[in-house]
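*Asks:* After the sequence you'll find the predicted model.
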Amino acid sequence: MIIILKNIPAKTKKRDIKNFIDPVAKGNWLKKSGQIKSILFLTQKNIRTNIIQNHVLVEVLPDSVAERVIKKLNRKMLLDSYIAVCEYKIRNWHNDPRINHSHANNYKNFKNKRICERRDPHEEIVSDDIDITSEKSFHTKGW
């Protein structure tokens, strides 16, 4: 199951996310242990207001452990700010509740009234995962 951590601080690193989720995902002798499969950082920017929001997508296996992670870590602090943890749902026409699949053939000739995305039209995804690498070392010479 993929879970999303919303509105995380910009200075968050992958190891911070791993250290935040691992204690809950490990479980104990009564609870099943799970593993973190992947971590992906997303950055959204509102073009009008220049507000930047950072989110993280984490794939946790199995689903029972992911549900436990959501339940335990929702509204907890990560790097001095409260974050929201919930299930990331992928929406496509198969699971779209607006479509009645038994009557879909009757409505094929109608024009789709949905003009644009439901998101704010001024939102854009700035970057997925930023890694800074270089052959030279990063340092300053001092004052």
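*Replies:* Sure, I can see it.

*Asks:* from here on, contacts and neighbour counts on C-alpha atoms
*Replies:* OK.

*Asks:* following the top strand by length along the chain, which helix or strand shows up next?
*Replies:* Looking across the chain with DSSP state E, the single longest strand is strand 35-46. Where DSSP states H and E defines the elements, the next helix or strand beyond strand 35-46 is strand 52-61.

*Asks:* buried stuff in the next helix or strand along the chain from that next one?
*Replies:* Under the assignment DSSP H and E, the closest C-terminal helix or strand after strand 52-61 is helix 63-73. Taking 16 or more other Cα atoms under 10 Å as the basis for neighbour counts, the residues of helix 63-73 that come out buried are 65-67, 69-70, 73.

*Asks:* Dump helix 63-73 to PDB, restricted to CA.
*Replies:* As requested, C-alpha coordinates have been extracted for helix 63-73 and formatted as PDB (Å, rounded to 0.1, in the frame of the first residue of the first chain):
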ATOM      1  CA  ASP A  63      -1.100  -3.700   3.700                       C
ATOM      2  CA  SER A  64      -1.900  -4.500   7.400                       C
ATOM      3  CA  VAL A  65       1.300  -2.900   8.400                       C
ATOM      4  CA  ALA A  66       0.600   0.200   6.300                       C
ATOM      5  CA  GLU A  67      -2.800   0.600   8.000                       C
ATOM      6  CA  ARG A  68      -1.000   0.400  11.400                       C
ATOM      7  CA  VAL A  69       1.500   3.100  10.200                       C
ATOM      8  CA  ILE A  70      -1.400   5.400   9.200                       C
ATOM      9  CA  LYS A  71      -3.200   4.800  12.400                       C
ATOM     10  CA  LYS A  72      -0.200   5.400  14.700                       C
ATOM     11  CA  LEU A  73       1.600   8.200  12.800                       C
END
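
*Asks:* i'd like the first residue to be 43 from this point on
*Replies:* With the count now opening at 43, the last piece we talked about shows up as helix 105-115.

*Asks:* And for it, what's in contact with it?
*Replies:* 43-45, 63, 66-67, 74-76, 102, 127-129 (Cα atoms under 8 Å, 6 or more residues apart in numbering).
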